[in-house]
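Peer 1: Let me see the structure of the following:
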Amino acid sequence: MNPELVLIRAAELTEADLAAHPVWVTYYEFEELELLADLGLDVARLSSALAAVGQPDDYVIPVPAEAANLPFKYVHLSVVATTPGGTVLRGTRTRVSLSLLHRGDWFRFNPGLQDLSLQSAAALAAATGDREIFPLSVFVPASGKTETFTLHG
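Peer 2: Prediction:
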């Protein structure tokens, strides 16, 4: 297996990208090249592409779903989130944060950054017309599981 090399600036991911690939990683540490090679990626081409972009941590790489459980420092799981009002949004989930895409704009949520997350929730509610954003029902295609995301424990 030798998947096509795709390298996308994370801020430029589209709903189509998220629908097409359930798992994305950000290359961060040299040791991760071995993990990427084990997944069938051409690491020589990847290394060259990463060097050419200058800021590799701004980019994500789609990987097979089984990579969701590998020890990459930054794993982004594609998600489909539904607000209490029924608005469906695509985005990504990391260990601690949730980022949702609406009409080309990203809205980011992290329980550890309450003030910024509440501002983002207000902006998303205004954009979607939803009265409430939380709790969100979040489906993770890579695992087939649905979880609840809220800013409060």
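Peer 1: quick one: low-confidence ranges for this structure?
Peer 2: Residue ranges of the chain with pLDDT under 70: 1-4, 153.
Peer 1: what about 80?
Peer 2: Flagging of the chain using pLDDT under 80 yields the residue ranges 1-5, 152-153.
Peer 1: Which parts of this protein are helices?
Peer 2: Remark: helices assigned in the chain by DSSP state H are 15-20, 32-38, 43-53, 114-128.
Peer 1: May I see the buried residues of the last one?
Peer 2: Neighbour counts over helix 114-128 (16 or more other Cβ atoms under 10 Å) mark Ser117, Ser120, Ala121, Leu124, Ala125, Thr128 as buried. For the C-beta atoms, the positions are set from N, CA and C on the backbone; glycine is no exception.
Peer 1: For Pro62, find the nearest of the helices of the chain.
Peer 2: Nearest of the helices of the chain to Pro62, taken as Cβ to Cβ: helix 15-20 at 7.4 Å.
Peer 1: Just the buried residues of that closest one, please?
Peer 2: For helix 15-20, the neighbour count (16+ other Cβ under 10 Å) marks Glu15, Asp17, Leu18 as buried.
Peer 1: For this structure, which segments are assigned as strands?
Peer 2: Assigned by DSSP state E, the chain shows strands spanning 8-9, 23-26, 59-63, 74-82, 88-93, 98-102, 105-109, 136-140, 145-149.
Peer 1: The residue nearest the centre of the chain bridge partners, please.
Peer 2: Centroid-nearest residue in the chain: Thr92, 2.8 Å away (criterion: Cα atoms, centre = their mean). Thr92 forms beta bridges with Ser78, Ser99, as assigned by DSSP bridges.
Peer 1: Touching, it and Leu77? I think so.
Peer 2: Yes. Applying Cβ atoms under 8 Å, one finds Thr92 in contact with Leu77, separated by 6.4 Å.
Peer 1: I'm done for today, thanks for sticking with me.
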